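# Test case, fold it:
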Amino acid sequence: MQPVVVIGAGINGAAAARELALSGLDVVVVDAADIASGTTAYSSRLVHGGLRYLEYADTALVRESLAERERLVTLAPDFVRPMEFRVPVERRLGGFVDGLGKLLLGGKYKPRSRRGLWVVRFGLWWYDLLAAGSSLPKSHVIRIGTNFLHPPAKRYHWLCAYSDAQMRYPEQFTVALLADARRAAEEQGSHFTVHNYARVEREGKRLRIFTRAGAVEEFEPAAVVNAGGPWGDDVTQALGCGHRRLLSGTKGSHIVVFRDDIRRTLDGAALYAEASDGRPVFIIPFGEATLIGTTDLPYEGDPATAVASEAEIDYLLDLAGNVLPSCPLTRGDVTLHYSGVRPLPFTDASTPAAITRRHAIVEHPDMPWPTLTLVGGKLTTCRSLAEETAGAVWKKLLGGPTSKSPTANSRTRPIPPALANGGTITDERRVVGADLSRGFVREVIRTQWVHTLDDLIERRLMLLFARELRRATLEELAELLVEERVLAEGTADKAVAQTSERLRAHFGRTVE
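Next up is the predicted model:
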């Protein structure tokens, strides 16, 4: 049987590829850019049940998300860690009418007041109920001034605490999914290939894959899974799947600050607060830094060019300043910012936050081979979406069951780091300006589909988020890429210049 082609190497494409490999199918993954370089790299980095989805009574999505949260905490402890979230509350009453309005009118309703203590407590009680059996602690209320050492703004009187989880680096998690898919294919005796920085063309019943190395692969696929995320409609157009619009992007921006006083104030817990327009915004511990986001704005441009605007940055700074006035932030505190586009279902909802985060699998019956487009989805439900996708492919290809035995799916399979043993190259010399050995970096380059300096900085070594990032670090890593024959001789300086400019223009980060 010919391979199943997965177009898109974000978290949903990688999870789908892994699930298909586990079921014994040959799989080829293709992406026009790098692994996890789209929406995956620009999320809020949370694994959560979706507390705010309860405002729209989407209990099915919350229940699924909470179940998948528990799985990821258990199966991927190297990537997903439990975290306490605290909701600052000003008064006992408020939010009842708004809650009813959202339930009845959905995105057409505009909130008029902030949520009060009793509304928040009811929501968290409901959340705990849907998470029955979870290993994470249940919600509770903290009276400010008793056992909370660093209170937010004085107008708040309570903190309603609940549990969710953080996936600090979904970029590395996505690579780990693909590495495990490669491992699963070896176990099954099937074939698994990843082509990032590649292009796909359709010619009748055949696909052509043009790889970065200049090679051309041409074959008739067994099936195609379009996991293009916000580029999904572009993929359907390129494949000739019709002109129906499936996706509607919204832009979400974040800022990263390194302020030790804010980290001490958060004390390891995240704050989930309301902005001036009623939108929920997170202030999240992020290693040595603090992550603040996100915005939610309609977006129609190329997702690759989405950059946080000054207005969005000011919006997030204003929110943080209102919630934590004892730790005032200025524009100069923003070490970097990032912005991505959510691949949400196309809808006419007037409020972006009201667009469902539930995923869907759309079939294209007029194609010469089974073709599926993944719409929506989020970090938390990547595995369940992948299982649904593999079941749909099996059903189309073999007339088989829509679900498989536990030995053929990912429900209980752990997700180790891509280099679970730390690598085999014994070069312990440290990379200048980074707590990394040169041997480890070489192993990453050789085994994790690295093609550019940006791949290393942004998505493999995660140095984008290092407190200090030096030009000398970029220079040494570029030379390692040359030594590993990923970059051509004499191109290291050009690569460093291009990466430095991208860091400045795309992330607002200056490297000296």
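# Tell me how far the residue nearest to residue 1 when sequence neighbours are not counted lies from residue 375.
Spatial nearest neighbour of residue 1, chain neighbours left out: residue 222 (5.3 Å); criterion: C-beta to C-beta, 6 or more residues apart in numbering. To be clear about C-beta, it is placed using only N, CA and C from the backbone, and glycine gets the same treatment. Residue 222 sits at a distance of 22 Å from residue 375 (criterion: C-beta to C-beta, to the nearest Å).
# ditto for residue 72
From residue 72 across to residue 375, the span is 22 Å (C-beta to C-beta).
# for residue 469, same thing?
36 Å.
# quick one, phi/psi of residue 164?
phi -150, psi -150 (degrees, to the nearest 10).
# Run a quick neighbour tally on the closest residue to it other than its chain neighbours.
Excluding its sequence neighbours, the residue lying closest to residue 164 (C-beta to C-beta, 6+ apart) is residue 48, at 3.9 Å. For residue 48, the count of nearby residues is 26 (other C-beta atoms under 10 Å).
# Am I right that residue 48 is in contact with residue 162?
No: Residue 48 lies out of contact with residue 162 (C-beta atoms under 8 Å); the separation is 9.7 Å.
# tally of neighbours for residue 32?
Residue 32: 20 surrounding residues under other C-beta under 10 Å.
# how about it, phi and psi?
Phi and psi for residue 32, reported as degrees, to the nearest 10, are phi -70, psi -20.
# Am I right that it is in contact with residue 201?
No: contact criterion C-beta under 8 Å: residue 32 and residue 201 do not qualify, at 11.8 Å.
# From residue 417, how far out is residue 289?
From residue 289 over to residue 417 (counting by C-beta to C-beta), the distance is 21 Å.
# More neighbours: which of the two?
residue 289 (20 against 16).
# didn't the more buried one look like it was pressed against residue 467?
Yes: at 7.1 Å, residue 289 counts as touching residue 467 under the criterion of C-beta under 8 Å.
# Now for the two: what residues contact both?
258, 335 (C-beta atoms under 8 Å, 6 or more residues apart in numbering).
# Residues that sit against both of residue 48 and residue 162, list them.
Counting by C-beta under 8 Å, 6+ apart, nothing touches both residue 48 and residue 162.
# can I see the domain layout of this structure?
Domain segmentation of the chain under automatic domain parsing yields 4-40+171-246+356-408, 76-166+248-345, 438-507.
# what about the shortest one, average pLDDT?
If you average the pLDDT over domain 438-507, you get 97.
# Quick one: end-to-end length of that domain, please.
With C-alpha to C-alpha, to the nearest Å as the measure, domain 438-507 spans 26 Å from end to end.
# quick one, strands of the stretch 51-200 of the chain?
Using DSSP state E, counting those that start in this stretch, the strands of the stretch 51-200 of the chain run over 80-89, 140-143, 158-167, 192-196, 199-203.
# Least confident of those, on average?
Across these, the lowest-scoring stretch is strand 140-143, with a mean of 91.
# For this structure, which element, helix or strand, carries the lowest mean pLDDT?
Every helix and strand of the chain was ranked by mean pLDDT, DSSP states H and E. The lowest is helix 96-105, at a mean of 49.
# Do me a favour and get the end-to-end distance for stretch 164-176?
22 Å.
# so how far is that stretch from its chain's centroid?
Between the centre of stretch 164-176 and the centre of its chain there are 7 Å (C-alpha atoms, centre = their mean, to the nearest Å).
# next one: stretch 59-69
17 Å.
# OK, contacts around residue 294?
44, 252, 253, 254, 281, 282.
# that older thread, isn't the residue nearest to residue 1 up against residue 3?
Yes: counting by C-beta under 8 Å, residue 222 does reach residue 3; the two are 6.3 Å apart.
# So for those two, which residues contact both of them?
Contact with both residue 222 and residue 3 is made by residues 25, 26, according to C-beta under 8 Å, 6+ apart.
# max-length helix in the protein?
Identified as the longest helix of the chain according to DSSP state H is helix 170-188.
# I'd like the average pLDDT over that helix.
Rounded mean pLDDT across helix 170-188 is 97.
# name the helices or strands packed onto it?
If you count contacts as 3 or more C-beta pairs under 8 Å, 6 or more residues apart in numbering; DSSP states H and E, helix 170-188 packs onto helix 11-22, strand 27-31, strand 192-196.
# Can you tell me what sits against the last one?
The reference is to strand 192-196. Contact with strand 192-196 is made by 3, 9, 17, 21, 26-31, 33-35, 178, 181-182, 184-185, 209, 211-212, 449, 451, as judged by C-beta under 8 Å, 6+ apart.
# got the angle for that strand vs helix 170-188?
Orientation check (axes from the mean of the first three to the mean of the last three C-alpha atoms, to 10 degrees): strand 192-196 against helix 170-188 gives 150 degrees.
# Can I get the domains of the chain in JSON lines including distance to residue 430?
Compiled in JSON lines, the domains of the chain are given as follows (distance: least, C-beta to C-beta, whole Å):
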{"stretch": "domain 4-40+171-246+356-408", "distance to residue 430": "20"}
{"stretch": "domain 76-166+248-345", "distance to residue 430": "19"}
{"stretch": "domain 438-507", "distance to residue 430": "7"}
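# among those, which is the most enclosed?
Mean neighbour count, computed with mean count of other C-beta atoms under 10 Å, is highest for domain 4-40+171-246+356-408 among the domains of the chain, reaching a mean of 21.
# May I have the distance across that one, first residue to last?
OK, domain 4-40+171-246+356-408 end separation, C-alpha to C-alpha: 17 Å.
# Stretch 212-221 now?
Stretch 212-221 has an end-to-end distance of 20 Å (criterion: C-alpha to C-alpha).
# With stretch 416-424 instead?
OK, stretch 416-424 end separation, C-alpha to C-alpha: 16 Å.
# Buried residues of it, list them for me.
Within stretch 416-424, the residues that count as buried by 16 or more other C-beta atoms under 10 Å are 416, 417, 418, 419, 423.
# Isn't the fourth one up against residue 447?
Read it as residue 419. Yes: Residue 419 is within contact range of residue 447, at 7.0 Å (criterion: C-beta under 8 Å).
# List of residues touching stretch 459-474?
Contacts of stretch 459-474 (C-beta under 8 Å, 6+ apart): 34-37, 41, 169, 171-172, 175, 256, 258, 286-289, 335-336, 431-434, 436, 441, 444, 448, 450, 453, 456-458, 477, 496, 499-500, 503, 507, 509, 511-512.
# Please enumerate the helices of the protein.
Along the chain, counting by DSSP H, helices occupy 11-22, 59-75, 96-105, 117-130, 170-188, 232-239, 260-266, 310-323, 382-398, 438-447, 453-454, 471-483, 492-507.
# ok, the closest residue to residue 69 other than its chain neighbours to residue 255 distance?
Computed as C-beta to C-beta, 6+ apart, the closest residue to residue 69 that is not its neighbour in sequence is residue 47, at 5.2 Å. As judged by C-beta to C-beta, residue 47 and residue 255 stand 21 Å apart.
# same deal with residue 510?
15 Å.
# Kindly report the same for residue 116.
29 Å.
# Ok, residue 346 next?
Distance, residue 346 to residue 255, using C-beta to C-beta: 29 Å.
# And for residue 418?
As judged by C-beta to C-beta, residue 418 and residue 255 stand 28 Å apart.
# ditto for residue 477
For residue 477 relative to residue 255 (C-beta to C-beta), the value is 25 Å.
# Can you give me the distance of the nearest residue to residue 271 once chain neighbours are set aside to residue 54?
Nearest residue to residue 271, sequence neighbours excluded (C-beta to C-beta, 6+ apart): residue 283, at 4.3 Å. Distance check for residue 283 against residue 54: by C-beta to C-beta, it reads 21 Å.
# likewise residue 116?
Residue 116 sits 16 Å away from residue 54, going by C-beta to C-beta.
# now do residue 503
39 Å.
# same thing with residue 3?
Applying C-beta to C-beta, the value for residue 3 to residue 54 is 41 Å.
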